[in-house]
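**Student:** sequence below, structure please.
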Amino acid sequence: MQNIALSVGRSTSSPETSDATAVRPRHLRARSSSLPGIKLTARDPDDADEATRDEVAQSDGLAARGGDDHVVRDEGHGEGVAAHDEARPLPTDISDRIAIEIYERVFDHITDQFTLFIAASISRSWYPRATHWLYHSISIPSRASYDLLVNQLHTSPRVQRWLRSTHKVTLGYRDGSGSNNSGTPFLDTFPLLFGQACPSLQVLDIGRILRPNPHPTFHRALRQFQHVVSLRLHDAELSNIAQLRRIVCALTCLEELALDDLVLIEPQLSQPGGVMLQDVLSRNPCNIRLKRLRVEAHTSDCIKTFGRMVDQWFVCSRICSSLVELVTVFENGEPGPAAQAGHVNRLLQFLGQSLTSFHCENYMELRESCDLAHNTALRQLTLHLNNFATTSP
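**Tutor:** The predicted model follows:
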């Protein structure tokens with residue numbers, strides 16, 4: 001891609017930023033993994049207002065924290081920068097003729113949160129579209145980030161407004177940092193505080209901070225997320241199937257469920273008092289009908305958990321009766337190819353003609369592969385058996 005330098009000219013005041021105080025000119029550069037070689041340069045003291053910069057800077061701590069792969073440098077400290085990053089900004093007579101719609105289309109293709117943060121803090125004209133995408137997907141990796149967002153929710157009308165359009169929230173530690181018991185728990189209060197604040201939320205990703213026994217108010221408050229259609233639980237431990245079922249069934253519009261490296265701690269099938277789990281499920285039916293299910297397991301405990309979910313829930317209820325897409329990924333040879341095939345085949349038999357797409361990555365041999373005799377409506381099949389891939393349209 002040719003090197004592009006976007007220079008921000010003087011923008012007219014808007015009602016939202018008319019009370020902005022002047023700030024010193026700043027020259028910032030950002031390189032996005034999706035749009036490499038693009039330089040963002042602010043050269044007008046009135047382009048970036050102080051309130052907007054402070055607010056977006058605080059949001060950086062909770063949703064736009066850049067990693068080591070993000071390059072952000074002050075002008076004059078370009079040592080080590082590749083030559084293609086040294087392009088000068090476009091002349092003013094050219095950049096001023098670029099319609100704001102062009103800039104907005106650029107922002108629509110930027111997925112790097114830190115680049116969006118810089119763009120939102122540079123110019124009033126860039127602020128609306130860049131901030132929209134900045135709050136479109138929010139990551140809350142720690143208790144400190146969570147407390148910062150809660151404070152902004154209570155004190156900033158702007159943050160309240162942007163949160164109403166949030167599409168995805170990721171809760172939990174990234175890149176394997178932290179553990180289930182690291183820091184003060186905050187997940188249990190999230191639906192209580194943000195159930196009404198994020199009415200447009202559709203995707204919820206929870207990892208590493210999910211406790212084995214969440215507080216009862218957590219399950220009840222989850223029902224406030226009435227538009228969540230996709231849930232991912234990963235790298236977590238739950239006490240039993242009943243806890244998992246309460247979380248899933250609280251999201252009444254759920255269509256897609258991903259369970260990656262989930263472990264159930266208690267192996268027993270019965271509840272206190274000798275009541276069998278199947279009896280509890282029958283007395284409290286779940287009205288959710290999943291369309292897509294993904295299960296990924298990297299340890300033998302996770303694979304055994306999948307087998308328990310199949311036997312104790314998936315085939316004992318109607319939650320998978322309308323499933324059209326199934327993905328299973330087992331990256332461990334235990335508890336053995338036959339056991340893995342047995343878990344998968346029991347679910348395939350139950351799904352029958354509803355299944356149209358199946359992706360399987362298992363440590364199996366062809367003689368122990370999946371039985372698809374009941375899946376007569378299958379249109380797409382991908383099998384990875386012992387690292388050999390076979391794809392059929």
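**Student:** can I assume residue 347 is in contact with residue 326?
**Tutor:** Yes: using Cβ atoms under 8 Å, residue 347 is in contact with residue 326, at 7.2 Å. C-beta: built from backbone N, CA, C; applies to glycine.
**Student:** what's the neighbour count on residue 255?
**Tutor:** A count of neighbours around residue 255, defined by other Cβ atoms under 10 Å, yields 17.
**Student:** likewise residue 108?
**Tutor:** Residue 108, neighbours per other Cβ under 10 Å, totals 10.
**Student:** residue contacts, it?
**Tutor:** 129, 133 (Cβ atoms under 8 Å, 6 or more residues apart in numbering).
**Student:** quick one, phi psi at it?
**Tutor:** For residue 108, the backbone dihedrals are phi -60, psi -20 (criterion: degrees, to the nearest 10).
**Student:** and if you look at residue 360?
**Tutor:** phi -130, psi 130.
**Student:** that one and residue 380 touch, don't they?
**Tutor:** No: assessed by Cβ under 8 Å, residue 360 is found out of contact with residue 380, at 11.6 Å.
**Student:** out of these two, which sits in the busier spot?
**Tutor:** Taking other Cβ under 10 Å, residue 360 and residue 380 do not tie; residue 360 has more neighbours (23 against 12).
**Student:** bridging across strands, which residues link to that one?
**Tutor:** residue 328, residue 383 (DSSP bridges).
**Student:** give me the low-pLDDT residue ranges for this protein?
**Tutor:** Low-confidence segments of the chain (pLDDT under 70): 1-90, 95, 173-184, 267-284, 332-337, 363-368, 385-393.
**Student:** would you map out the domains in it?
**Tutor:** Residue ranges for the domains of the chain, per automatic domain parsing: 4-132, 146-392.
**Student:** so residue 294 lies in a strand, does it not?
**Tutor:** Yes: assigned with DSSP: H, G, I helix; E, B strand; the rest coil, residue 294 falls within a strand.
**Student:** how many neighbours does it have?
**Tutor:** Residue 294, neighbours per other Cβ under 10 Å, totals 16.
**Student:** how about residue 97?
**Tutor:** For residue 97, using other Cβ under 10 Å, the count is 10.
**Student:** element containing it?
**Tutor:** Here residue 97 sits in a region with no helix or strand, counting by DSSP states H and E.
**Student:** any idea where the helices of this protein begin and end?
**Tutor:** Using DSSP state H, the helices of the chain run over 50-60, 92-95, 100-108, 113-122, 127-136, 143-155, 157-163, 190-194, 216-222, 241-250, 277-283, 300-309, 337-351.
**Student:** nearest to residue 331, out of the ones you listed?
**Tutor:** helix 300-309 (9.4 Å; Cβ to Cβ).
**Student:** pull out the buried residues from that closest one.
**Tutor:** Buried residues in helix 300-309, counting neighbours by 16 or more other Cβ atoms under 10 Å, are found at 301-309.
**Student:** now stretch 99-110
**Tutor:** For stretch 99-110, a neighbour-count test (16+ other Cβ under 10 Å) marks 103-104, 106-107, 110 as buried.
**Student:** want to throw those residues into CSV with distance to residue 96?
**Tutor:** Converted to CSV, the buried residues of stretch 99-110 look like this (distance: Cβ to Cβ, whole Å):
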residue, distance to residue 96
103, 12
104, 16
106, 16
107, 19
110, 22
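**Student:** ok, so of the residues you listed, who is nearest residue 124?
**Tutor:** residue 103 (12.0 Å).
**Student:** count the neighbours of the spatially closest residue to that closest one that is not a sequence neighbour for me.
**Tutor:** Spatial nearest neighbour of residue 103, chain neighbours left out: residue 126 (6.1 Å); criterion: Cβ to Cβ, 6 or more residues apart in numbering. Using other Cβ under 10 Å, residue 126 is surrounded by 26 other residues.
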